[in-house]
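Visitor: Only the shape, not the letters, is given here:
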């Protein structure tokens, strides 16, 4: 009797039950006269099945080819990295700093570690290279799959294949050098872009916006994404094209114009908040109301220059906040600096307003922006964790050396308010995550004065960042 | 803060711990004793299959031991401290090994040397080293008492043999019932059916078979639905084979008979194994390639430490099995994957010798990053060896398989280890579906894993971008 016989004649009886489907008597030869041989057949069939080799599937999935030119993180940093990312009660700041450094150093996590850092990979895939992006997208439907390509240098032929963040940075550079060429690039691929990409690419038009952009902006009036339509309308209004900007009208309705001065009359502006806007939500209301207006439009509406607009608003904190937000969104750091002269607590006010992005600001611009809003505090840096947390989230960059130098010289960490001492871990993490490389040794010395427990993650982070920047063993 | 006898007395949970620690103050129990960076550490061969790893920080008297004891510090920790204070044993200066670094990285800062909470109403006597050092009163051996004890042991053995045979008769009836109702029907109510017979087999002192049947439902439910009836049939068939082999042990080859007795539940103590002059012994350098841990229904955790020989020779692989209470929270044995061990192993008698105990450790385990030097066979050859082993031991469980130039391939959500040459494709353990997925982008991988007849648990793979480990 072979396996085929057993499968055909015996197996059905055993599976369905011998009471329903009796075993063929002619096949049973019990070794013991006292036995009916049924259990021997059970063992025989079971053992025969154990000798069957597992079936090979007819076909296997073809894995996509991923061209990843980044170097793999050095072996010595892999375990510390996983340990840091798996730390309980950790804030998001170490992960942000790590993702930035992966991107800046053109490194990628070891492919074998991707399953051990799922959350990190999903949140920062764009900064971790094509292999990590593919990993993060692996459960997306096939039709949403894209090519995973991350060349060292982007050009016109390959810029559409890179991660969105790199594409925006590339387009930003192209706009500065050749605004028309950059617009042509965007137009050529516009239909294939998703809503998020369309919005972020359109924001780049802030750089060297001109009348030549008008036809393209007009074509966006019927875009499916409301935020794309709103951004296009804002740009058109700034160009003096299109209808009046309704957002600007809404702002102007709330600004009261007056005059002051005895010898030389000067314009004085004041923002009147609606009666139903309470103090604690005023900042948010201001940000939302002024989101689609522009600095130039506002100045134009009062027939004064942009700098005069700041002077005119100089005594009204609410209007100054609105101007600070506009200067930020338009990347006009020259104007922001003037606004902050009148509004030294712009940092706190902007954080309260819920501002959550610096748009297309480059890293140097983000650092300058930070310096502008932090420097008015001098040595008296604010000791509220949410401000530092917000600053890192919104800039997603290391702090300028000048800011960290003030913080370290003032021994700021030792002055954390008593009520926040118990959970100093988040404080130390955010400072370590924003610390530039030259300041790390000084920061380590100051961390040594704390209880060891909350310094474990910050010190590990500093070690890993040092290793990523200096270790020659990346492969 | 330095270690002193007074400090050890202060730390000891009770006098019994100090007395037990004193028995461990012998260098042969400690194949490794080392120091460095303010730490001392060692490996102590206890009653478990794997030695316990102990580390003590001399600065703040923080400590960690891998033994399952619920006393803190345990006797191994106390013994290590004691040897340090006595200076009678030399501690080799060494670089801090990975397992110690791992412990250091997990520590929550230095523990302040606070006083132990003491029961004010009933102050306990402070444990004393002087008391522990006093020789124990040993009763003179009484030949009559020894004969009585031997007779009692023999009587118990005979009673147990009879109970087991009666239990096997019940098992036959139960198996016949399952076959009469159909294996498909059995799958649907496996949990209840197996629980009932497992309890009867426990009563019949056939704990091995009881454990096998108790674990069967959960094993079945890890498999896809359509595969369960066939798997149940194989498992029930093996149970009957064991039962028959046990009854006919006298007609079987000696090693297979020993396998049958162990499968039914007759255990061999560590001492009995080490005193067995005919037991297979193998001295070699071994590499830990997998550590598996599984909670059992009997509130014990089974920890398997799988070793592979670094050079030619047989047996090529071994497994050290420890059982620790679930409540201790220990999920792994003393060894880590990648550790290199220079040791002599003694194997339990078996027609496929795999389970072993460490007889002699020549030096402490060291974490090694070197690739495997063992002569790895291709999957085809390795699988053929498995089939031969299955023929020798029909209820063979898990067996290591090596592979060369194989690849991990995907079919739907299921991963397979595929060998082009032999055209073998072994389904990977579904719990590795995410962890092993990055291997699907590579080809030509070498490695080792564990095959249980249904799923392949890939444990170790050498690839062009480095080593992949299951854990």
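Guide: Alright, I've got the coordinates. These numbers come from a predicted model, not from an experiment.
Visitor: I'd like the distance between residue B:457 and residue B:396.
Guide: Distance, residue B:457 to residue B:396, using C-beta to C-beta, to the nearest Å: 16 Å. Every residue, glycine included, has its C-beta placed from N, CA and C.
Visitor: should've said residue B:48
Guide: 24 Å.
Visitor: which residues does residue 81 contact?
Guide: Going with chain A. Applying C-beta atoms under 8 Å, 6 or more residues apart in numbering or on different chains to residue A:81 gives the contacts A:73, A:98, A:109, A:113, A:117, A:464.
Visitor: that's the wrong chain, I meant chain B
Guide: Neighbour list for residue B:81: B:3, B:7-8, B:11, B:56, B:61, B:63, B:73 [criterion: C-beta under 8 Å, 6+ apart].
Visitor: hmm, who's touching the helix or strand harbouring residue A:45?
Guide: Using DSSP states H and E, residue A:45 falls within helix A:38-50. Helix A:38-50 has contacts (C-beta under 8 Å, 6+ apart) with A:3, A:6, A:10-11, A:14, A:18, A:23, A:27-28, A:30-31, B:172, B:175-176, B:179, B:230, B:233-238, B:240-241, B:244, B:390, B:394, B:453.
Visitor: can I see the domain layout of the chain?
Guide: As the question left the chain open, I've gone with chain A. Domains of chain A are assigned by automatic domain parsing as A:3-50, A:72-119+A:361-475, A:153-244, A:248-359.
Visitor: my bad, chain B
Guide: Described in terms of automatic domain parsing, the domain architecture of chain B consists of the residue ranges B:5-115+B:125-133, B:149-264, B:270-367, B:379-469.
Visitor: Of all those domains, which one comes closest to residue A:36?
Guide: Nearest to residue A:36 among the domains of chain B is domain B:149-264 (8.2 Å), distances taken as C-beta to C-beta.
Visitor: Next, count neighbours for the residue in the stretch 201-350 of chain B that chain A sits nearest to.
Guide: The nearest approach of the stretch 201-350 of chain B to chain A comes at residue B:237, 2.2 Å away (C-beta to the nearest C-beta). By other C-beta atoms under 10 Å in any protein chain shown, the residues close to residue B:237 number 28.
Visitor: Show me which residues of the stretch 201-350 of chain B sit near chain A.
Guide: B:229-230, B:233-238, B:240-241, B:244 (C-beta under 8 Å from any C-beta of the partner chain).
Visitor: Swap in 6 Å and give it another go.
Guide: B:229-230, B:233-234, B:237, B:240-241 (C-beta under 6 Å from any C-beta of the partner chain).
Visitor: among those, who's most crowded?
Guide: Ranked by neighbours (other C-beta under 10 Å), those are led by residue B:237, which has 28 neighbours.
Visitor: Which residue ranges of the stretch 251-400 of chain A form strands?
Guide: Secondary structure of the stretch 251-400 of chain A (DSSP state E, counting those that start in this stretch): strands at A:255-260, A:266-271.
Visitor: Also compute the angle for the last one relative to strand A:255-260, please.
Guide: This means strand A:266-271. For strand A:266-271 against strand A:255-260, the angle by axes from the mean of the first three to the mean of the last three C-alpha atoms, to 10 degrees is 150 degrees.
Visitor: tell me, how many neighbours does the closest residue to residue A:200 other than its chain neighbours end up with?
Guide: Nearest in space to residue A:200, with sequence neighbours left out and distances taken as C-beta to C-beta, 6 or more residues apart in numbering or on different chains, is residue A:168 at 5.3 Å. Using other C-beta under 10 Å, residue A:168 has 17 neighbouring residues.
Visitor: Work out for me the element residue A:168 sits within.
Guide: Using DSSP H and E, residue A:168 falls in helix A:164-177.
Visitor: buried sites along that helix?
Guide: Using 16 or more other C-beta atoms under 10 Å in any protein chain shown as the test for burial, helix A:164-177 gives A:166-172, A:174-175.
Visitor: Using JSON lines, lay out those residues together with pLDDT and distance to residue B:292.
Guide: Supplementary listing: these in JSON lines, determined by pLDDT from 0 to 100; distance: C-beta to C-beta, whole Å:
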{"residue": "A:166", "pLDDT": "82", "distance to residue B:292": "43"}
{"residue": "A:167", "pLDDT": "87", "distance to residue B:292": "46"}
{"residue": "A:168", "pLDDT": "87", "distance to residue B:292": "48"}
{"residue": "A:169", "pLDDT": "85", "distance to residue B:292": "48"}
{"residue": "A:170", "pLDDT": "88", "distance to residue B:292": "49"}
{"residue": "A:171", "pLDDT": "89", "distance to residue B:292": "52"}
{"residue": "A:172", "pLDDT": "86", "distance to residue B:292": "53"}
{"residue": "A:174", "pLDDT": "89", "distance to residue B:292": "56"}
{"residue": "A:175", "pLDDT": "89", "distance to residue B:292": "58"}
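Visitor: How about residues contacting stretch B:445-465?
Guide: Contact with stretch B:445-465 is made by A:50, B:289-290, B:371, B:376, B:398-404, B:406, B:417, B:426-429, B:436, B:442, B:468-470, as judged by C-beta atoms under 6 Å, 6 or more residues apart in numbering or on different chains.
Visitor: Mind checking which of those are in helices?
Guide: Using DSSP state H, the members of the contacts of stretch B:445-465 that fall in helices are residue A:50.
Visitor: Can I have the buried ones of the contacts of stretch B:445-465 as a PyMOL selection?
Guide: Command for PyMOL, covering only those of those found buried under the criterion 16+ other C-beta under 10 Å:
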select buried, (chain A and resi 50) or (chain B and resi 289+290+376+398+399+400+401+402+403+404+406+417+426+427+428+429+436+442+468+469+470)
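Visitor: Looking at the contacts of stretch B:445-465, which are in strands?
Guide: Using DSSP state E, the members of the contacts of stretch B:445-465 that fall within strands are B:289-290, B:399-404, B:406, B:417, B:426-427, B:468-469.
Visitor: I'd like the residues you listed as CSV, with pLDDT appended.
Guide: Shown next, in CSV, are those (pLDDT from 0 to 100):
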residue, pLDDT
B:289, 94
B:290, 95
B:399, 96
B:400, 96
B:401, 96
B:402, 94
B:403, 95
B:404, 93
B:406, 95
B:417, 97
B:426, 97
B:427, 96
B:468, 94
B:469, 93
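Visitor: Just list the residues touching the residue of the stretch 251-400 of chain B at minimum distance from chain A, thanks.
Guide: Going by C-beta to the nearest C-beta, chain A is nearest to residue B:394 of the stretch 251-400 of chain B, at 5.7 Å. Each residue near residue B:394 by C-beta under 6 Å, 6+ apart is listed here: A:47, B:241.
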